[in-house]
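In: Sequence first, predicted coordinates after that:
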Amino acid sequence: MISKICGGVTSAHGFKAAHTAAGIKSAGKPDMAMIVSEVSCKAAGTFTSNVVKAAPVIWDREVTGRGMAQAVVINSGIANACTGKEGMDCCRQTAGIIEDVTGIPAEQVLVASTGIIGKGLPMEKIRSGIEEMIPALDESCKAGHAAAGAILTTDTHEKEAAVSFEIGGKTVVLGGMCKGSGMIHPNMCTMLAFLTTDINIDGRLLKEALSTDIIDTYNMISVDGDTSTNDTVLLLANGLAGNPVIDEKNGDYEIFCEALHMVNETLAKMIAGDGEGATALLEAHVINAESGEKAKILAKSIICSNLTKATIFGHDANFGRVLCAMGYSGVDFDPDKVKLCFESAAGHIDIFAEGKALDFSEEEATKILSEPEVTVVADMGEGESEARAWGCDLTYEYVHINADYRS
């Protein structure tokens, strides 16, 4: 049985975290965080599909390609993207500072950055920040929560999740934290996610589990249709739970994959619901589709539609916008077989079936659409496959935030 527990990146045995205000952001806001394992970890990562990749993405791909890591250094405020050789030098120097101070090999240090594109990192501030964080590393949930706060940019709150489960008679914990609010789009987003677990697992299977799971979690969210240069998901497994090593796809592996999915889906929905300026989380649930791939395409098209997002913001049951988004998705289907409804904590209302609008109460629909979490259910009537995607409404505040992001 998998149980949700309080916590994040410090929940698993052997992981510590710290944060500081290094002066990268203005007004003394926390802007650096660190995660360190007591021992070297199996490491896996997935990264942005954008051709323009930030220096930390290139660095971390090399580190995870070698398969082992022990520390992660994160800064917010500056993305270290579009910075050329200087940007790579910053990554190298950051890892070198960790090696000098802690003895952890530089080749086992992961780095991540988020913030303004095109600016170089102030390395003296990075060094000072690291030197401040090392003695402050702590295994408490409080330390993990503070680290989750230090990596935010336009996010409005910390995003954490953790679960516990049993493997081979041993209690295993998997936790994580993430950030993401704008430049969020399927195939990875302006998002950083850091996952830690004490499970004992083969590195090849760890990588496969992560790369498979992001397809149905982080790759199924969108805020604004912009895919970032810095998207990174990192997963570290230090083996300190002491379970028999998972080196084949057996029942233990399936339990781990289920736990990983639970944490990733929770974090992905937090990102979507905290989209810049958003007032509501929008879920598209496509059911009875001809295939899983078609269901995913349809669900993504719904949550990516600006008109649908505006409809949710206005609490208006304009089902035509949902159908329109489905119609240009590239998936062929029979509109006369489609049934649409809206759901939320306030209830359920059917709005479209057999090719025409149903007679429904606009007042009741508005009530349902006024909740902070709203689901559009599209029954395709053509098969047995389903998919879910998550986005948010489109508000005036989104434009305000992005019109003066650099200032």
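Out: In hand now; what should we look at? Numbers count the residues shown, from 1 in each chain.
In: I'd guess G242 is in a strand, am I close?
Out: No. Secondary structure of G242 (DSSP: H, G, I helix; E, B strand; the rest coil): coil, not part of a strand.
In: State the number of residues packed around it.
Out: G242 has 15 neighbouring residues, counting by other Cβ atoms under 10 Å. From N, CA and C alone the C-beta is placed, and that goes for glycine too.
In: how about the nearest residue to it, chain neighbours excluded?
Out: K170 (5.2 Å; Cβ to Cβ, 6 or more residues apart in numbering).
In: what about the strands in the stretch 101-250 of the chain?
Out: Taking DSSP state E, counting those that start in this stretch to define them, one finds strands in the stretch 101-250 of the chain at 109-116, 159-167, 170-180, 191-197, 232-237.
In: starting at the chain centroid, how far to the first one?
Out: It refers to strand 109-116. Strand 109-116 sits 15 Å away from the centroid of its parent chain (Cα atoms, centre = their mean, to the nearest Å).
In: residue closest to the middle of the chain?
Out: Centroid-nearest residue in the chain, with Cα atoms, centre = their mean: A268, separated by 4.3 Å.
In: Give me the three-state assignment for that one.
Out: Counting by three-state DSSP, the backbone at A268 sits in helix.
In: Need the pLDDT of it.
Out: We have a pLDDT of 93 for A268.
In: What distance do you get for the nearest residue to it once chain neighbours are set aside to L369?
Out: Spatial nearest neighbour of A268, excluding adjacent residues (Cβ to Cβ, 6+ apart): T217 at 4.4 Å. Distance, T217 to L369, using Cβ to Cβ, to the nearest Å: 25 Å.
In: For I35, the count of nearby residues, please.
Out: I35 has 29 nearby residues by other Cβ under 10 Å.
In: Look up the residues forming beta bridges with it.
Out: Beta-bridge pairing for I35 (DSSP bridges): A17, V72.
In: Enumerate every residue touching it.
Out: By Cβ atoms under 8 Å, 6 or more residues apart in numbering, the residues touching I35 are V9, F15, K16, A17, A71, V72, I74, A147, F194, T196, L236.
In: Using neighbour counts, pick out the buried residues of stretch 339-350.
Out: Across stretch 339-350, burial judged by 16 or more other Cβ atoms under 10 Å covers K339, L340, C341, F342, E343, S344, A346, I349.
In: so where's this structure uncertain?
Out: Within the chain, the segments meeting pLDDT under 70 span 181-190, 223-229, 402, 404-407.
In: Farthest from the middle of it: give me that residue.
Out: Farthest-from-centroid check, the chain (Cα atoms, centre = their mean): D359, 38.7 Å.
In: so is it in a helix, a strand, or just coil?
Out: Classified using three-state DSSP, D359 is coil.
In: Which one, of the strands of the stretch 101-250 of the chain, ends up nearest to D316?
Out: strand 170-180 (27.1 Å; Cβ to Cβ).
In: between the closest one and strand 159-167, how many degrees?
Out: 160 degrees (axes from the mean of the first three to the mean of the last three Cα atoms, to 10 degrees).
In: same for strand 170-180, what does it pack against?
Out: helix 141-150, strand 159-167, strand 191-197, helix 251-273 (3 or more Cβ pairs under 8 Å, 6 or more residues apart in numbering; DSSP states H and E).
In: In the longest one, which residues have enough neighbours to count as buried?
Out: Okay, so that is helix 251-273. 252-253, 255-257, 259-273.
In: A193 reaches V233, doesn't it?
Out: Yes. Assessed by Cβ atoms under 8 Å, A193 is found in contact with V233 at 4.4 Å.
In: which among the contacts of I35 gets closest to A54?
Out: I74 (12.7 Å).
In: what's the closest one in contact with, if anything?
Out: With contacts defined as Cβ under 8 Å, 6+ apart, I74 is in contact with 32-35, 111-114, 147, 150-151, 192, 194.
In: Next, the buried residues of stretch 48-59.
Out: Using 16+ other Cβ under 10 Å as the test for burial, stretch 48-59 gives T48, N50, K53, A54, A55, P56, V57, W59.
In: nope, stretch 391-404 is what I meant
Out: By 16+ other Cβ under 10 Å, the buried positions in stretch 391-404 come out as G391, C392, D393, L394, T395, Y398, N402.
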